[in-house]
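>>> Sequence and predicted structure, then a few things I'm wondering about:
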Amino acid sequence: MKTVKIILAALLILCAAVLVIAAESSKDKLPGLLERMDAQGAAAQDTKMQKAKDRVLDALAEGSREKVLRSLERYLDGWPDRLDTGGTVARELFVYRNRPSLTAAGLFLLLAGALLLGAVFDRTGKIRKAALPALLIGLLYAGVYILESVVGSGTMLITVLKKGAIYALVAVAMNLLNGFTGLFSLGQAGFMLIGAYTFAIFTIETQSRAQVYQYYDGGLVQFALPTLAALALAGAAAAFFAFLIGLPVLRLKSDYLAIATLGFAEIIRAVFQYDGLGPITNGSNLLRKYPTFDTVLFPFLVAGACVAFIALVIHSTYGRSFKAIRDDEVAAEAMGINLFRHKQLAFVISSFFAGVGGALLAMYQTTVQAAAFTSAMTYEILLIVVIGGMGSLTGSVMASFLFIAASEWWLRFLDNEQAIGSFQLPLMRSGFRMVVFSVIIMAVVLFYRRGIMGDKELSLKRIARRLSPRKGGGANG
Amino acid sequence: MSDFIRANLPYLLAGISVGGQYALIAIGYTMVYGILRLINFAHGDIFTVAAYLMVYMNATMPLYISLPLTAVITVLLGFAVERVAYKPLRDAPRMSIMISAIGVSYLLQNLMWYVTGGLAKQYPVIPWISSSVTLLGATTKMVTLVTPVLTLVLVLLLTQLIRHTKIGMAMRAVSKDFETSKLMGIKINGVISVTFVIGSFLAAVGSMLYFSNYTAVTPTAGAMPGLKAFVAAVFGGIGSIPGAVIGAFIIGIAENIIKAMGLTTFSDAFTFALLIIILIFKPTGLFGEAVHEKV
């Protein structure tokens, strides 16, 4: 058994190495490919073809993959007999076309091999518990990356994935507070706003500041931080405000806490739009020209790391204390849990990640304005948490993607007037999508109060148990 | 001196008027909270729906029909919301009902957006109360003077209803002890429905007064006055009707004083700052009763 595993792992690593090398070297091969296709020097006689070829070479020099493929397509279209493109040429082209996904596939195969090896050298000789989920998550990320390079980053699917990842982070952060600690807080939009603004203020390119802060003489801040540092700072700023506001507010009981945090978010929104703070916040004007992301992998990686951290917190002794407070405050206190300190910890951690989520949202939107962070935004996130299940991280993550996909994409058709044959469907016009959507949400809130997952987590063991006909049947098969 | 009055009287009048309008909304919040322990997040949206009803009905029918009909439909809406969204959750944790209220608010806002196409609508001019009057050299709309009077009359009627009628007694009993009053044979559902009916009616009246001062209605126009009215209810001590009224007047006047000082951006923020301060120093509000938690 062991030898089989080792051979398998070695094969995986070999495949990975081949894929990575092939993908990395494909760019250098392309000029040769052009020459080989044009053995008779046909392009030299036709100025149109020559131009097309030059365009390919220019794009190659520039290093822009999109441009290379577009110009190459045009070049290939120009050939009278496309069969000229022989087997090797086609293969080289395929490798070039799918270079990022091949690299990713290679890297993840490498990871898979390494994990498999790790599993083999486990002391008991069994597959380690963490190996399989880690592998699956790795595969998921690879899948997302390949998907992006196949369908293109401008498509609806990728947009939904980007926004969904950001909302997943924010929803998980809110779930830590509402679902795991039992603190009904409605200040999420406020903390996201702090995060978004902190990020934007400290990353706008120095040469663009005069343009962005045109009404405030270029603003006060005159430097730009690197993106990741600014993301961390965004979280820290939100956490700091949470610490301050938590001192008085966390002593309140459930619904008073809700309304106080909601009020706090409104105050933040007003303060950030205040003209007197204009040199820093740009008043009620847009902030723009800060770094953004163009690959879906960035929000996935950042949000994934943050969610993983929150999961670790929940599985620590702190997490157990949070749950104890949620289930019975008085009993928890009697067991020696410092109520205020733990509530504050949960509040600060949750706000930190809300801040990071806000910063990611700012990057996603490419511009940011305080007026957009209304209580409606908090309500949306709360509804995501409810749909996923209060007290389930995986539920929140799944619900975020579902929510964003449904509201931005799947229900879009309801906004357009549609006709079946000559019959004009009634009701369908702009805004109908959100009505249907909120009716669905109300149905979930009323009839599936526990949401998708309740307070359970999605786990492989649970799925395996569900799938196998007998109890524990999966072990023998 | 007269210059000072002339400069500041409009703000004071506006404060009293807005305060009266907040009071009418706040009563709906405070009564529902007193009985169900629920922050009815949808109340502000019911207030907005009332405004839209007025806009649409006034276009097709005369005022003496559209005014009462608006009130009736708003009342029906409040009643329906309670029956559909809150009643099924009566035994659920309080958080669930609050989430349901947020869901209703989301639904009503989207519905209004759909019906109106997201455009601001012109609020109809109601004769007499929209006309201008001059008081001590300050020009204002009649509605500014009518609001406080009408508010006080309605509140007096309401307190009489609660003190001296059978349903009022039932309401007091339910807000004192939900479970025991159930055991004593009070029909809880009926009492709760009456509470929502009264709250929605007052919200409809408040909406007619409020939007007579502002020309346009948008789907989210009611969210902010709704939240402020809730703050007023907390300020006065939630569950207490006189408390809600006094709280509403204080907030309305304070907000307009801040506007007079040129800090309009902060007039909303001030309300919430006041709320947080009140909650820290006197969580039960001005007239609220202290509730002691038993293990």
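Received it, and whenever you're ready, just let me know what you need. Residues are numbered from 1 along each chain as shown, chains lettered A, B, ... in the order given.

>>> My guess is A:F199 contacts A:A236. True?
No: the criterion here is C-beta atoms under 8 Å, and A:F199 misses it with A:A236 at 11.0 Å. Placement of C-beta: from N, CA and C, glycine included.

>>> can you list residues touching both of the two?
Overlap between the contact sets of A:F199 and A:A236, as judged by C-beta atoms under 8 Å, 6 or more residues apart in numbering or on different chains, is nil.

>>> more crowded one of the two?
Higher neighbour count among A:F199 and A:A236: A:F199, with 31 against 15, using other C-beta atoms under 10 Å in any protein chain shown.

>>> and the more buried one, what helix or strand is that in?
helix A:188-203 (DSSP states H and E).

>>> Average the pLDDT values over the next helix or strand after that helix and round to the nearest integer.
Next along the chain after helix A:188-203, taking DSSP H and E as the criterion, comes helix A:209-212. Per-residue pLDDT over helix A:209-212 has a mean of 83.

>>> cool, and stretch A:261-279?
The average pLDDT for stretch A:261-279 rounds to 85.

>>> residue ranges of the helices in chain B, please?
Applying DSSP state H to chain B gives helices spanning B:2-36, B:43-58, B:63-81, B:94-116, B:142-164, B:166-176, B:178-183, B:188-213, B:223-236, B:241-260, B:266-281.

>>> quick one, which of the ones you listed is packed in tightest?
helix B:223-236 (a mean of 27; mean count of other C-beta atoms under 10 Å in any protein chain shown).

>>> Summarise which helices and strands it is packed against.
Of the remaining helices and strands, those touching helix B:223-236 by 3 or more C-beta pairs under 8 Å, 6 or more residues apart in numbering or on different chains; DSSP states H and E are helix A:254-272, helix B:2-36, helix B:43-58, helix B:241-260, helix B:266-281.

>>> re earlier: tabulate the helices of chain B (a markdown table), appending mean pLDDT and distance to A:T155.
Formatted as a markdown table, the helices of chain B follow (pLDDT from 0 to 100; distance: least, C-beta to C-beta, whole Å):
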| stretch | mean pLDDT | distance to A:T155 |
| --- | --- | --- |
| helix B:2-36 | 85 | 46 |
| helix B:43-58 | 91 | 36 |
| helix B:63-81 | 93 | 40 |
| helix B:94-116 | 89 | 26 |
| helix B:142-164 | 89 | 53 |
| helix B:166-176 | 89 | 55 |
| helix B:178-183 | 88 | 53 |
| helix B:188-213 | 91 | 44 |
| helix B:223-236 | 87 | 35 |
| helix B:241-260 | 89 | 48 |
| helix B:266-281 | 81 | 40 |
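
>>> wait, which of the ones you listed is closest to A:L136?
The closest of the helices of chain B to A:L136 is helix B:94-116. By C-beta to C-beta, the value is 31.9 Å.

>>> Buried residues, the helix or strand encompassing A:A239. List them.
In this assignment (DSSP H and E), A:A239 forms part of helix A:227-249. Applying a neighbour-count criterion of 16 or more other C-beta atoms under 10 Å in any protein chain shown, one finds A:227, A:230-235, A:237-242, A:245-246, A:249 buried in helix A:227-249.

>>> restrict these to those near chain B?
When contact is defined as C-beta under 8 Å from any C-beta of the partner chain, the buried residues of helix A:227-249 meet chain B at A:V249.

>>> from the buried residues of helix A:227-249, which two are the most distant?
Among those, A:T227 and A:V249 lie farthest apart (C-beta to C-beta), at 31.8 Å.

>>> on that earlier part again, can I get the helix holding A:F199 in CSV? Just the C-alpha atoms.
Provided in CSV are the C-alpha atoms of helix A:188-203 (Å, rounded to 0.1, in the frame of the first residue of the first chain):
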residue,chain,number,x,y,z
GLN,A,188,-20.9,46.0,10.2
ALA,A,189,-21.3,48.7,7.4
GLY,A,190,-19.6,51.3,9.7
PHE,A,191,-16.6,49.1,10.3
MET,A,192,-16.4,48.2,6.6
LEU,A,193,-16.5,51.9,5.8
ILE,A,194,-13.6,52.6,8.2
GLY,A,195,-11.6,49.8,6.5
ALA,A,196,-12.4,50.9,3.0
TYR,A,197,-11.5,54.5,3.7
THR,A,198,-8.3,53.7,5.6
PHE,A,199,-7.2,51.5,2.8
ALA,A,200,-8.0,54.0,0.1
ILE,A,201,-6.5,57.0,1.9
PHE,A,202,-3.2,55.3,2.5
THR,A,203,-2.8,53.8,-0.9
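
>>> just the angle between it and helix A:254-272, please?
Helix A:188-203 and helix A:254-272 are oriented at 30 degrees to each other (axes from the mean of the first three to the mean of the last three C-alpha atoms, to 10 degrees).

>>> close to chain B, is helix A:188-203?
No: if you take C-beta under 8 Å from any C-beta as the test, helix A:188-203 misses chain B, and the best it gets is 10.5 Å.

>>> Check which helix or strand the spatially most central residue of chain A maps to.
Per C-alpha atoms, centre = their mean, the C-alpha nearest to the average position across chain A is that of A:A165, at 2.7 Å. Assigned by DSSP H and E, A:A165 falls within helix A:156-175.

>>> Check which residues of that helix are buried.
A:158-175.

>>> Show me what residue of chain B gets nearest to chain A.
Ranked by C-beta to the nearest C-beta, the top residue of chain B for proximity to chain A is B:F272, at 3.0 Å.

>>> Surely that residue is in contact with A:E266?
Yes: the pair B:F272 / A:E266 is scored as a contact, 5.3 Å apart, by C-beta under 8 Å.

>>> A:Q222: what secondary structure?
The three-state assignment at A:Q222 reads coil, by DSSP: H, G, I helix; E, B strand; the rest coil.
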